[in-house]
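> Fold the following for me, if possible:
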Amino acid sequence: MSVVLINNYSFGEIIVNDKKYNQDIYIDTNGKINSWWRKKSHFIEMDDLENFTEQNPEILIIGTGAYGMAKISADIKNFCQNRKIKLIVEPTNRAIKEYNRFKNKKIMAYFHITC
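Purely as a prediction, here's the structure:
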């Protein structure tokens, strides 16, 4: 597990390990940072969570945007509940605080960085 620190976030920009990203990203359980694209901009479905089921994290964090506009499907909630995966869904600024707070955990995080 590699150590990842989200240094800063503002609308449309996220800085992770001192590198700036201007698109939505996800961080896998190995600390790899990837671009993230969803079928529908403000609705997140299981199919949108790339590599999630294969990596089987202990914690899943979803940042729903600066204003919390993105919503998640019931399938994601049910999947996490059935697999006993802690699910945290918050506006992106709060989701980042949660992400930075968990160390030594197998964690995946998806961050919508605009609305």
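> ok, Tyr8 to Ile113 distance?
Let me fix one detail, which is that residue 8 is Asn and not Tyr. 11 Å (Cβ to Cβ, to the nearest Å). (Each C-beta comes from the backbone N, C-alpha and C, glycine too.)
> okay, those two: which has more neighbours?
Ile113 (21 against 11; other Cβ atoms under 10 Å).
> List the residues that contact the residue lying closest to Ala70 once chain neighbours are set aside.
Once flanking residues are discounted, Ala70 sits nearest to Thr64: 4.1 Å by Cβ to Cβ, 6 or more residues apart in numbering. Listed by Cβ atoms under 8 Å, 6 or more residues apart in numbering, the contact partners of Thr64 are Ile44, Ala70, Lys71, Ile72, Val89, Glu90, Pro91, Thr92, Ala95, His112.
> Filter those down to just the buried residues.
With burial judged by 16 or more other Cβ atoms under 10 Å, the buried subset of the contacts of Thr64 is Ile44, Ala70, Ile72, Val89, Glu90, Pro91, Thr92, Ala95, His112.
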